[in-house]
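Peer 1: sequence and predicted model, in that order:
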Amino acid sequence: MSLLNYQGDVLAHRVQQGLARAGMKDITVLSVQPASGRRLILRYGPLMYRLHVHPVERRLRAPAEEPGWLPLLVSTRVDEATADELAEAHVSFLDDLGNAHVSLDGRTVLFTRRNEPGGPDVRDTPATPPTAKRAAGALALNRASHRVAFALLADPELAARPVRALAATARVSVGTVHNTVVQLTEAGHLLDGRLHHAGRLLDAWADAYRRVTIRPLAPRALYAPDGTWPDKTRLEPTSGVLLGGIAAAAVLDSHVRATDGIVYAPTLGPAVTLLRLTPTPTAFRVEVRQRFWGDALPSSQPGVVPSVLIYGDLLRDGDARSLHIAADLRKNDAHLRTLD
């Protein structure tokens, strides 16, 4: 039976078998539409790629480019000349005999020619899978979908809740949640109302968070009068002002010290009033950011943002000390450990 006859989970299984037989190791292939369809997720090493399988019976040509999807041509047999032509054009293909070429991120990771049943002629199979970057389209979080991913990471039980509950918590539209859920499902992070590979999703979320533009609510720098300002957010949890960044990390880890920091609030006024912030410079600079999530997300301490956001803030700082504190937080925080 030819690869041309399969769809869904069966096709994914056959493609994985064919690539493994051709010499591609450490791969997993999953179907985006288990019952039917030809869209698959290919995991290679630590990375995931979205493939659209194109069955071809006659002349194999590269299909029209589809944003976010890498084409994989499957055929009963690919002759030697066609194999060379497709490989040179960085087009991926696989046939029933084991002829195969796989191009990821524009780089050939497998090229096997087996024109007759027998030993393969592997031309280019790197010893280790590529790790430099994620394939475009595998998981691309924009500002809105980034909020949905944050809500799921902070409270994985939201994956089993109605879409409207997730939309309310992430403060985005229901349509945005639908689109994000589809993307996360295709990337293998959501299945049957449960979060999967949450550690990988946390990495993708944190990487996207470093690129998100954040503008403070105040047009100029604000300062607290003394070093007791972090305690006020914890003593007044109903104020809606929550502690974030390295100041929040200091609450969770007694070895961390911080003078300045970040707070999240629905508007600027409550933060200014609670913390007595002024433009007069002191040693205690406080950045006020807009709170972008609802009230339902749990946190490890009253008056403190969820530990997922503390971790993201530390990585976003980017200096050696913050990165070290972030690594310790991920290792020691009870919630972050459940994600790994």
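Peer 2: Happy to help now that I have it.
Peer 1: which residues in this protein form helices?
Peer 2: Remark: helices assigned in the chain by DSSP state H are 8-22, 80-88, 143-154, 163-170, 174-186, 198-209, 229-235, 245-252, 268-275, 307-317, 320-332, 334-339.
Peer 1: so for T28, which of those sits nearest?
Peer 2: If you check each of those against T28 by CB to CB, helix 8-22 wins as the nearest, at 6.9 Å. For the C-beta atoms, the positions are set from N, CA and C on the backbone; glycine is no exception.
Peer 1: got the buried residues for the closest one?
Peer 2: Of the residues in helix 8-22, G8, D9, L11, A12, R14, V15, Q16, G18, L19, A22 count as buried by neighbour count, 16 or more other CB atoms under 10 Å.
Peer 1: how about stretch 228-245?
Peer 2: W229, P230, K232, T233, S239, G240, V241, L242, L243, G244, G245.
Peer 1: now the residue lying closest to A168 once chain neighbours are set aside: how far from L315?
Peer 2: In space, and not counting its chain neighbours, A168 is closest to G294: 5.6 Å by CB to CB, 6 or more residues apart in numbering. Going from G294 to L315 by CB to CB, to the nearest Å gives 24 Å.
Peer 1: partners of the closest residue to R38 other than its chain neighbours in the sheet?
Peer 2: Spatial nearest neighbour of R38, excluding adjacent residues (CB to CB, 6+ apart): V53 at 4.0 Å. Here V53 sits in beta bridges with L72, going by DSSP bridges.
Peer 1: what does T112 give?
Peer 2: A100, V122.
Peer 1: so how many other residues sit close to it?
Peer 2: Counted with other CB atoms under 10 Å, the neighbours of T112 add up to 23.
Peer 1: so Y49 makes contact with W69?
Peer 2: No: Y49 is not in contact with W69 according to CB atoms under 8 Å; the separation is 9.1 Å.
Peer 1: and those two? Which one has more around it.
Peer 2: Set side by side, Y49 and W69 show more neighbours around Y49, with 22 against 17, by other CB under 10 Å.
Peer 1: how much space between the more buried one and L70?
Peer 2: 6 Å.
Peer 1: again, but for V177
Peer 2: Counting by CB to CB - V177 and L70 are separated by 26 Å.
Peer 1: the two: who's more crowded?
Peer 2: Per other CB under 10 Å, whichever of V177 and L70 has more neighbours is V177, with 26 against 23.
Peer 1: buried sites along stretch 171-184?
Peer 2: Neighbour counts using 16+ other CB under 10 Å place V172, T176, V177, N179, T180, V181, Q183, L184 of stretch 171-184 among the buried residues.
Peer 1: so where is this protein shaky, pLDDT-wise?
Peer 2: For the chain, applying pLDDT under 70 flags the ranges 1-2, 57-66, 114-139.
Peer 1: count the residues that sit near E85.
Peer 2: Using other CB under 10 Å, the number of residues around E85 comes to 15.
Peer 1: repeat for the one 4 residues further on
Peer 2: Counted with other CB under 10 Å, residues neighbouring A89 total 11.
Peer 1: now do N142
Peer 2: Burial measure for N142: 12 neighbouring residues, criterion other CB under 10 Å.
Peer 1: from V102, how far out is L42?
Peer 2: The spacing between L42 and V102, counted by CB to CB, is 8 Å.
Peer 1: who's more crowded, these two?
Peer 2: V102 (29 against 25).
Peer 1: could I get the buried residues of stretch 228-245 as TSV with distance to V288?
Peer 2: Shown next, in TSV, are these (distance: CB to CB, whole Å):
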residue	distance to V288
W229	12
P230	14
K232	13
T233	11
S239	12
G240	12
V241	8
L242	11
L243	11
G244	10
G245	11
